[in-house]
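**Q** Dropping a prediction and its sequence here:
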There are 2 protein chains.
Amino acid sequence: MGLVSLDVELGDRGYPILIGDGLIGQPEQWLPHFSDGVVVVVTNDTIAPLYLDTVRSALGGRLRCEIILADGEQHKTLDTVARIYDSLISHRCDRKTTLLALGGGVVGDMTGFAAATYQRGVHFVQMPTTLLAQVDSSVGGKTGVNHPQGKNMIGAFYQPRCVIADIGTLGTLPDREYAAGIAEVIKYGLIADAPFDRWLTENMPRLMTREPTAMVEAVRRSCANKAAVVAEDEREGGRRAILNLGHTFGHAIETATAYTQYLHGEAVAIGMLMAADLSSRLGWISVAEVTRIRALLQSAGLPVTAPTGFSTAQFMDLMSADKKVLHGQLRLVLLREVGEAIVTAATPTATLEALLDDWLMST
Amino acid sequence: MGLVSLDVELGDRGYPILIGDGLIGQPEQWLPHFSDGVVVVVTNDTIAPLYLDTVRSALGGRLRCEIILADGEQHKTLDTVARIYDSLISHRCDRKTTLLALGGGVVGDMTGFAAATYQRGVHFVQMPTTLLAQVDSSVGGKTGVNHPQGKNMIGAFYQPRCVIADIGTLGTLPDREYAAGIAEVIKYGLIADAPFDRWLTENMPRLMTREPTAMVEAVRRSCANKAAVVAEDEREGGRRAILNLGHTFGHAIETATAYTQYLHGEAVAIGMLMAADLSSRLGWISVAEVTRIRALLQSAGLPVTAPTGFSTAQFMDLMSADKKVLHGQLRLVLLREVGEAIVTAATPTATLEALLDDWLMST
């Protein structure tokens, strides 16, 4: 199976996404996209034992040092980024350095932020090793860390020079984490690509057995959709917000359960189904479509019911704390039809509350 | 005296520089350049008693909060920026917030970095209150903080939406600090603007008595020169390096004296004269020009001799530690002629050492 390549069109900040099986061990495919300086690999203690040797061999004499972080979202802080700065300085890394993020979204977000801010910006390459990172966080230039009072409150828009998505790394992913990535894959069909949505409904069994050709196709079409949205709205001034389908509901679910019960993709899966249901209540998509979307999510092993023990009022509060509230107005991403998401602040409160009543009571 | 306005041409990141006497108290001139969100003023405990009341009145109900930092370069750290984040979050500042930097270069650099990285970027406006900040640091988008192992090691290129240079604030500046700003003004004539260099030679007495029309003209032409260089090379890939005339020598002087003996502009003044001397030894400018430049610096009350007690070898070491060393090669900004700087890595070591021998022995 050959290499698939697609471009994120952002003028002089544009870059290629390379997708293939075994790419990590094929530096001839990606090293030409690096700067001509030294390379620093940033990874975590879960990923290092799996792939660091291969990356080391691929980089050879270009490798200046390795920075191995503790795995986990709780380490996505300014303090950890400060540790990356310390390493770069003590290894005398100059402005021509390339930082290579080897890992999932947390590693990518922090490495990207370090690259954006070390000596006012050095080269940055993403080598995502989870499905979620391959189809979502590694593409689009969002980098950053959490603040005790909020997720991703500190960060920068900073585009990588190249994204290297080796679907070979998805083989070792735990089932639950793989499914959480599929939730974001399903999202692209719903928001912007009805033919992809149909393809997913037909090919979900192949994807769930992790058939390489199916995974390459799913990653390619997800990245192509994300790249198109990002190219239109790099800094999230408008259209890019559609990428947040299910995220306002999902974020409330994650917060309500203190980030312990659901993976991000799982919460988004529930949130997307809630958004689909609301879209149907507003008369935009049919009840039959909502039922089909529920079945699609279930076929990927994703949850489709809300957590118990929360009132509608509590849930409304949690939703209002979301970063996407602009000037105090709750904006939701909904489906005008399958394959066409819109952002709206015009949802009647009564309709929203009725939706929450049904979802929070029925579970 | 009316308002002078000039534009930094950077496409969709372009912005106006407004120059005038009493501008801080004239919000009708600058508030239209702000975002439509709330405004947060960041300043320090030296500047706050002087101008914060005026800024407060000007902003009225738009002001969300004030962040008053301790004055001094030693506070230009990631920890201080983290304090700014804390304040922004606790005051529930959203993405539409404008951060207004009221103060000198340190306040501007830190506020700009906070603006570049809070929620992946909010609006940023510079209101520089020192001559150095008005003609140099507030224009061009360099933001950042120091690391224990190096100055400005952490930062971002992030352009303000507007620069408001009120030359009325220069009246309260101590003589030494004013002169240090004049050093950077003189730099622009030397590197890129021979007519301005002649104007300065003729008008230095007016500038030194702080005649408002002379100050406006000096700030305007300095900013115009800096804006032109920045427009050509926003991220310092090439030409922008000429703005560092005198800085490699100056940086070595600052480091050698542990940043206690000279203000930055004073060290740069000495460094510019050393660069002029070296340019003359390479046969590019005449000895008479070097003498004239020395006299010009002296007429602004700037030092023109190197500090004592350092060997040529020590000085060479300090110069090599400079950030502008690329792949181990020392690059110097020199004068091909007055009004035309070049960046060169081709200076013969023997010539450089002879220069240092003379400068370090003769003092």
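**A** Good, I have the coordinates.

**Q** Touching, residue A:223 and residue A:17? I think so.
**A** Yes: taking contact to mean CB atoms under 8 Å, the distance of 5.0 Å between residue A:223 and residue A:17 places them in contact. In this view, the C-beta of every residue, glycine as well, is placed from N, C-alpha and C.

**Q** Next, show the common contact partners of those two.
**A** Shared contacts of residue A:223 and residue A:17 (CB atoms under 8 Å, 6 or more residues apart in numbering or on different chains): A:6, A:139, A:163, A:165.

**Q** Let's have those residues in JSON lines, adding distance to residue B:214, neighbour count and pLDDT.
**A** Formatted as JSON lines, these follow (distance: CB to CB, whole Å; neighbours: other CB atoms under 10 Å in any protein chain shown; pLDDT from 0 to 100):
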{"residue": "A:6", "distance to residue B:214": "58", "neighbour count": "17", "pLDDT": "95"}
{"residue": "A:139", "distance to residue B:214": "53", "neighbour count": "28", "pLDDT": "91"}
{"residue": "A:163", "distance to residue B:214": "54", "neighbour count": "28", "pLDDT": "97"}
{"residue": "A:165", "distance to residue B:214": "60", "neighbour count": "29", "pLDDT": "98"}
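
**Q** Export those to JSON lines and append columns for secondary structure and distance to chain B.
**A** Output for those, formatted as JSON lines (DSSP: H, G, I helix; E, B strand; the rest coil; distance: CB to the nearest CB, whole Å):
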{"residue": "A:6", "secondary structure": "strand", "distance to chain B": "24"}
{"residue": "A:139", "secondary structure": "coil", "distance to chain B": "15"}
{"residue": "A:163", "secondary structure": "strand", "distance to chain B": "19"}
{"residue": "A:165", "secondary structure": "strand", "distance to chain B": "23"}
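
**Q** Could you measure from the nearest residue to residue A:13 once chain neighbours are set aside over to residue B:307?
**A** Take residue A:13 and drop its neighbours on the chain: the residue closest to it by CB to CB, 6 or more residues apart in numbering or on different chains is residue A:159, 4.6 Å away. As for residue A:159, its distance to residue B:307 is 44 Å (criterion: CB to CB, to the nearest Å).

**Q** the more surrounded of the two?
**A** Remark: of residue A:159 and residue B:307, residue A:159 carries more neighbours, 23 against 18, as counted by other CB atoms under 10 Å in any protein chain shown.

**Q** residues touching that one, list them.
**A** Going by CB under 8 Å, 6+ apart, residue A:159 touches A:8, A:10, A:13, A:14, A:15, A:124, A:141.

**Q** wait, the fourth one sits on residue A:8?
**A** Spelled out, it's residue A:14. Yes: under the criterion of CB under 8 Å, residue A:14 is in contact with residue A:8, at a separation of 5.7 Å.

**Q** between the two, which one's more packed in?
**A** Just comparing residue A:14 and residue A:8: by other CB under 10 Å the higher neighbour count belongs to residue A:8, 24 against 13.

**Q** The closest residue to the more buried one other than its chain neighbours: which element?
**A** In this structure, residue A:8 finds its nearest non-sequential neighbour in residue A:227, 4.3 Å apart by CB to CB, 6+ apart. Element membership of residue A:227, judged by DSSP states H and E, is helix A:212-232.

**Q** That helix: which residues count as buried?
**A** A:212, A:214-231 (16 or more other CB atoms under 10 Å in any protein chain shown).

**Q** Can you show me the strands along chain A?
**A** Taking DSSP state E as the criterion, chain A contains strands spanning A:4-8, A:15-20, A:39-44, A:63-69, A:98-103, A:123-128, A:142-147, A:150-157, A:162-166, A:332-337, A:340-344.

**Q** Which stretch among those approaches residue B:238 most closely?
**A** Across the strands of chain A, the minimum distance to residue B:238, taken as CB to CB, is reached by strand A:123-128, at 16.9 Å.

**Q** That closest one pairs with which strands?
**A** Listed by DSSP bridges, the sheet partners of strand A:123-128 and their directions read strand A:98-103 (parallel), strand A:162-166 (parallel).

**Q** So which bits of the stretch 151-300 of chain A are right by chain B?
**A** Proximity of the stretch 151-300 of chain A to chain B is assessed by CB under 8 Å from any CB of the partner chain, with A:152, A:153, A:154, A:155, A:156, A:157, A:235, A:236 identified as the residues in range.

**Q** Of these, grab the buried ones for PyMOL.
**A** Taking 16+ other CB under 10 Å as the burial criterion, the selection of buried members of those in PyMOL is written as:
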select buried, chain A and resi 152+153+154+155+156+157+236
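
**Q** quick check, nearest of the residues of the stretch 151-300 of chain A next to chain B to residue B:92?
**A** residue A:153 (11.4 Å).

**Q** List the contacts of that closest one.
**A** Here residue A:153 is in contact with A:144, A:146, A:147, B:85, B:89, B:118, B:119 (criterion: CB under 8 Å, 6+ apart).

**Q** what does residue A:37 give?
**A** Residues A:94, A:95, A:96, A:97, A:98, A:123, B:327 are the ones in contact with residue A:37 under the rule CB under 8 Å, 6+ apart.

**Q** and with 6 Å instead?
**A** Residues in contact with residue A:37 (CB atoms under 6 Å, 6 or more residues apart in numbering or on different chains) are A:96, A:97.

**Q** Could you report the distance from it to residue A:159?
**A** 18 Å.

**Q** so what's the residue of the stretch 151-300 of chain A found nearest chain B closest to, chain neighbours aside?
**A** The stretch 151-300 of chain A approaches chain B most closely through residue A:155 (4.6 Å), counting by CB to the nearest CB. Sequence neighbours aside, residue A:144 is the residue nearest to residue A:155 in space, at 2.0 Å (criterion: CB to CB, 6+ apart).
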